[in-house]
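> A structural model of the following input is requested.
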Amino acid sequence: MSINKVVSESGEVTWTVYANARSSKMPHIRFQKRVKGIKSRAEAERKEKSLLKEVTTKVAHKEGHGFTWKMVVERWTSVMKSETYSYKRYSPTVIADYNSMMYRWTKDWLNMPAFEINKGDARKVLDNVIEKGRTKAHQKKIKNVINVIYSWGIEERYITGVHQSPVYGLQISVIQDKRPEILKLEEIRILLYEAQAQAHPWYPIWGFALLSGMRNGELYALKWADIDLENGLITVERSYDKRQDSYKSTKAGYWRTVPISEELKSLIIDLKLKADSEFVLPRPVYWNRGEQAKVLKAFCRSINITPIKFHTLRACFATQLLGQGVEPLKVMKICGWRDLETMAFYIRLAGIDEKGVTENLRFLPASPGASSNVVSLFGHKQE
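This next block holds a predicted model:
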C-alpha cells in the first residue's frame with residue numbers, strides 16, 4: 001500500500017492511493033487497485049483503509065474457490081517426487097508421464113478452479129483422445145490418471161466443495177479384448193535357430209530373454225556379478241531406464257532370483273568367453289537407441305513367424321512354463337509380478353485353467369470295431 005502526493009503543473013496538490021493484496025496460500029491470486037485525484041491527505045488515508053479491505057476481501061473470496069487444476073497437478077507431481085512421501089510411490093518416469101499427459105490432454109482446465117471442472121468437461125477431454133486417433137486403452141489411461149490426481153487433491157483438501165473426480169462414473173467401452181500376439185513353441189525354436197544360423201547380433205539377447213523371463217531394462221542392466229553359475233541362480237536387482245539414462249530398482253521395487261536352466265547356462269558360458277565388460281549381454285546400436293522392438297519384429301517377418309514386440313519374449317517364457325505345469329505362484333515369483341491380476345492374464349493366455357477339462361465328455365458315436373458298451377446322447381445303449 002502507498003499514498004503519494006502529486007503536484008500538477010498549475011501547482012494543484014492531489015493524492016494517489018495504491019493498494020495490493022496477494023494470497024499467501026495461492027500466489028497466483030492477486031488483486032490491486034489505484035485511486036487518483038484525492039483532495040487531502042486525511043481523505044487519502046481513509047481511502048487507503050477501504051481499498052485494502054476491498055482487495056483483501058477479493059483475495060479471500062478467490063481463495064475459497066481452491067486451487068486451479070494446474071496447481072493441483074504441479075503439487076501432486078512435487079509431492080510424488082519427494083523422498084519423504086511414504087505412501088504409494090511412482091517411478092520418476094511415471095510421474096513425468098502423468099504430468100505431461102495432464103498438460104497435453106487437460107490444457108483447457110489448467111487455469112480453471114479445480115472444483116469447477118465437471119463431467120461435461122471430462123467428456124470433452126476423453127472424446128478428444130479418440131478424435132486425435134488414440135486408442136480406447138489410451139483413453140482409459142487418461143481417465144485413470146485424471147482420477148488419481150483429482151482424488152488426491154480432494155483428499156489433501158486442495159480441492160474443496162466436491163467429493164468425486166469429474167471422470168467418476170464415466171464409462172469407457174473397450175471394443176474387443178484382442179488376444180495378444182505370442183509365439184508358439186515351434187516359432188520360438190525357429191526364431192532362435194534362424195538367429196543363431198545367421199549369426200544375428202541379437203541372438204544371445206533374445207535367447208536370454210526367452211530363457212529367463214527378464215524385462216528389457218533388466219537384461220540391459222545385468223552384470224556378471226549378478227550371475228552365480230555354481231548355485232544356478234541369477235540375481236535381478238536393477239533395471240535400466242532409457243528415458244532417464246540411469247539405473248534403478250526393478251519395476252516391482254525388489255530384487256528376485258531366476259533359476260539358470262541347462263540351456264541358459266550354455267548361453268551364459270558362451271557369452272563369458274567373449275566378455276569384454278562388466279555387463280553380460282552385448283550392446284547393439286539399436287538397443288542403445290531403445291529400438292529393440294523394431295529389430296525383433298523385422299526379423300520375425302523375415303523368417304515368416306508371428307511379428308512380436310520385445311516385451312512379448314517375457315510372455316513367451318511365462319506361458320511356456322505355465323503350459324508345462326509349473327505352479328503359477330512360482331512363475332509369478334520368478335518373473336517379479338506383484339499382483340495376481342497380471343498373473344491371471346498369463347494364466348488365461350496359456351490356457352492352463354481350461355486344459356483337459358473337456359476330456360470326460362463323450363458325445364460322438366463309437367467308431368466301427370469299438371466297444372459296444374457306449375451310452376448315446378439319448379441314453380440308449382449302442383448295439
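
> can you give me the helices in this structure?
Ranges of helices within the chain are 41-63, 69-81, 92-105, 119-131, 136-155, 185-197, 203-212, 216-221, 262-273, 285-288, 292-302, 312-323, 328-335, 340-350, based on DSSP state H.

> right, so of the ones you listed, which gets closest to residue 231?
Closest of the helices of the chain to residue 231 is helix 262-273, at 11.6 Å (criterion: C-beta to C-beta). Heads up, the C-betas are built off the backbone N, CA and C, glycines and all.

> what is that closest one packed up against?
Using 3 or more C-beta pairs under 8 Å, 6 or more residues apart in numbering; DSSP states H and E, the elements in contact with helix 262-273 are helix 203-212.

> same question for the helix it packs on, mean pLDDT?
Across helix 203-212, pLDDT averages out at 96.

> same question for stretch 42-62.
The model assigns stretch 42-62 a mean pLDDT of 83.

> on that earlier part again, export the helices of the chain as a markdown table, with columns for distance to residue 13 and mean neighbour count.
Below are the helices of the chain laid out as a markdown table (distance: least, C-beta to C-beta, whole Å; neighbours: other C-beta atoms under 10 Å):
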| stretch | distance to residue 13 | mean neighbour count |
| --- | --- | --- |
| helix 41-63 | 9 | 14 |
| helix 69-81 | 45 | 19 |
| helix 92-105 | 53 | 16 |
| helix 119-131 | 54 | 15 |
| helix 136-155 | 52 | 18 |
| helix 185-197 | 93 | 15 |
| helix 203-212 | 85 | 22 |
| helix 216-221 | 75 | 22 |
| helix 262-273 | 91 | 14 |
| helix 285-288 | 76 | 14 |
| helix 292-302 | 78 | 17 |
| helix 312-323 | 83 | 22 |
| helix 328-335 | 84 | 17 |
| helix 340-350 | 78 | 16 |
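
> and of these, who's closest to residue 234?
Nearest of the helices of the chain (C-beta to C-beta): helix 203-212, 6.5 Å.

> extract the CA atoms of that closest one and return them as CSV.
Output in CSV follows, covering the C-alpha atoms of helix 203-212 (Å, rounded to 0.1, in the frame of the first residue of the first chain):
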residue,chain,number,x,y,z
TYR,A,203,20.7,-63.9,-30.8
PRO,A,204,22.1,-64.0,-27.3
ILE,A,205,19.8,-61.2,-26.1
TRP,A,206,16.6,-62.9,-27.5
GLY,A,207,17.8,-66.3,-26.1
PHE,A,208,18.5,-64.8,-22.7
ALA,A,209,15.1,-63.1,-22.6
LEU,A,210,13.2,-66.3,-23.6
LEU,A,211,15.1,-68.5,-21.1
SER,A,212,15.0,-66.1,-18.1
